[in-house]
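Colleague: Predicted coordinates and the sequence they were generated for:
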Amino acid sequence: MTLFLVSTIAPASAQDTKEVSGYPVFSDYQEFRDTLDPLIKSRQVSQFMKLFGGRHNYNQAQSDDLQAKIRSVRPVDFINVEVIKSDNVSDNWHQELLAYWTGADYLFVYILYQQRDEGLFPISLYFNTDLKELLRLVM
């Protein structure tokens with residue numbers, strides 16, 4: 001079963017996330033990953049969507065349903081994470097492909113982000129259990 005989520009960043013709702021013009025911004029890459037990795041590793045899809053903008057595309061019931069599906073397909077939290085591919089698209093634009101896994105269970109995440117004076121803006125995040133779906137996004 002392939003699960004695919006598109007989460008284009010929209011105004012965040014997490015109280016501890018800094019915002020610029022209503023959009024989430026992280027002081028640096030490490031702060032971004034320190035926020036993203038625990039959510040993905042623990043399969044907290046609903047919280048991920050609230051923080052990273054998916055709540056504008058999915059209501060709470062849909063987010064909860066997607067979380068249940070992920071937890072059904074990937075029944076154990078992920079222990080490992082590794083950057084598969086990282087590219088500087090331009091001076092300020094970057095893309096990454098990440099793998100999260102435990103045993104033979106994988107979840108892949110594609111991220112496009114922009115580094116600006118205000119900080120790091122994650123523009124788009126996609127995740128999927130099928131790596132082929134995300135490889136198409138790598139420019």
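Modeller: That came through, no problem. Numbering: from 1, shown residues only.

Colleague: So residue 79 is in contact with residue 105, correct?
Modeller: No - contact between residue 79 and residue 105 fails when scored by CB atoms under 8 Å: they sit 10.0 Å apart. All C-beta atoms are positioned from the backbone trio N, CA, C, and that covers glycine.

Colleague: Looking only at neighbour counts, state which of those two leads.
Modeller: Set side by side, residue 79 and residue 105 show more neighbours around residue 105, with 15 against 11, by other CB atoms under 10 Å.

Colleague: For the longest strand along the chain, which outside residues touch it?
Modeller: Among the segments of the chain that qualify as a strand by DSSP state E, the longest is strand 105-116. Applying CB atoms under 8 Å, 6 or more residues apart in numbering, the external contacts of strand 105-116 come out as 25, 32, 36, 40, 43, 70, 74-76, 78, 84, 89, 92-101, 120-131, 134, 137-138.

Colleague: If we use 7 Å, what do you get?
Modeller: Contact with strand 105-116 is made by 40, 74, 76, 78, 92-100, 120-129, 131, 134, 137, as judged by CB atoms under 7 Å, 6 or more residues apart in numbering.

Colleague: How about stretch 70-79?
Modeller: For stretch 70-79, the surrounding residues in contact (CB under 7 Å, 6+ apart) are 1, 3, 40-43, 45, 100-102, 105, 107, 129.
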